[in-house]
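> Need coordinates for the following:
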Amino acid sequence: MADGFDIHIDEERAFRLGPMAATLDMSVVDYVMSLIDRDIAASPFREIDPDPAIDEAIANAVEAGEEEAIPWAVLRDRLLARQRSADR
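Numbers count the residues shown, from 1 in each chain. This is a model prediction of the structure:
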């Protein structure tokens with residue numbers, strides 16, 4: 001893909017995807033893309049605003065003492081817990 005990246009699927013998964021794609025009268029590539037699109041749409045993390053002004057505003061608020069700074073490990077644990085609860 002010119003603007004993205006290639007995804008390589010191991011032989012066993014490719015073998016399992018073939019019959020499922022055929023059942024839906026789709027190519028394996030189209031079927032896998034539909035699965036990826038479905039999971040992106042269902043993900044609570046599907047949209048990220050790349051506006052650097054947001055990061056700057058957060059950093060300014062932390063420096064001014066208006067927002068709490070937390071260690072990366074704490075943030076990571078919170079995100080993982082949130083993902084686990086979303087998966088249930």
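> Could I get the pLDDT score of the residue with the largest distance to the centre of the chain?
Relative to the centre of the chain, the most outlying C-alpha is that of Ala64, 31.7 Å out, by CA atoms, centre = their mean. Looking at Ala64, its pLDDT stands at 94.
> what do you get for the one 5 residues further on?
According to the per-residue confidence, Ala69 scores 88 in pLDDT.
> care to break this protein down by domain?
Annotated domains of the chain cover 1-42, 49-88 [automatic domain parsing].
> so where is this structure shaky, pLDDT-wise?
Residue ranges of the chain with pLDDT under 70: 1-3, 46-49.
> Going along the chain, name the helices of it.
11-23, 28-42, 52-63, 72-87 (DSSP state H).
> With respect to Gly4, which of these lies nearest?
helix 28-42 (10.9 Å; CB to CB). All C-beta atoms are positioned from the backbone trio N, CA, C, and that covers glycine.
> Show residues contacting the closest one.
With CB atoms under 8 Å, 6 or more residues apart in numbering as the test, helix 28-42 has contacts from Ile7, Ile9, Ala14, Leu17, Gly18, Met20, Ala21, Leu24, Met26, Arg46.
> As JSON lines, the residues you listed with neighbour count and distance to Arg38 would be great.
Below are the contacts of helix 28-42 laid out as JSON lines (neighbours: other CB atoms under 10 Å; distance: CB to CB, whole Å):
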{"residue": "Ile7", "neighbour count": "10", "distance to Arg38": "15"}
{"residue": "Ile9", "neighbour count": "12", "distance to Arg38": "17"}
{"residue": "Ala14", "neighbour count": "12", "distance to Arg38": "19"}
{"residue": "Leu17", "neighbour count": "16", "distance to Arg38": "14"}
{"residue": "Gly18", "neighbour count": "13", "distance to Arg38": "19"}
{"residue": "Met20", "neighbour count": "13", "distance to Arg38": "13"}
{"residue": "Ala21", "neighbour count": "17", "distance to Arg38": "14"}
{"residue": "Leu24", "neighbour count": "10", "distance to Arg38": "13"}
{"residue": "Met26", "neighbour count": "14", "distance to Arg38": "13"}
{"residue": "Arg46", "neighbour count": "9", "distance to Arg38": "11"}
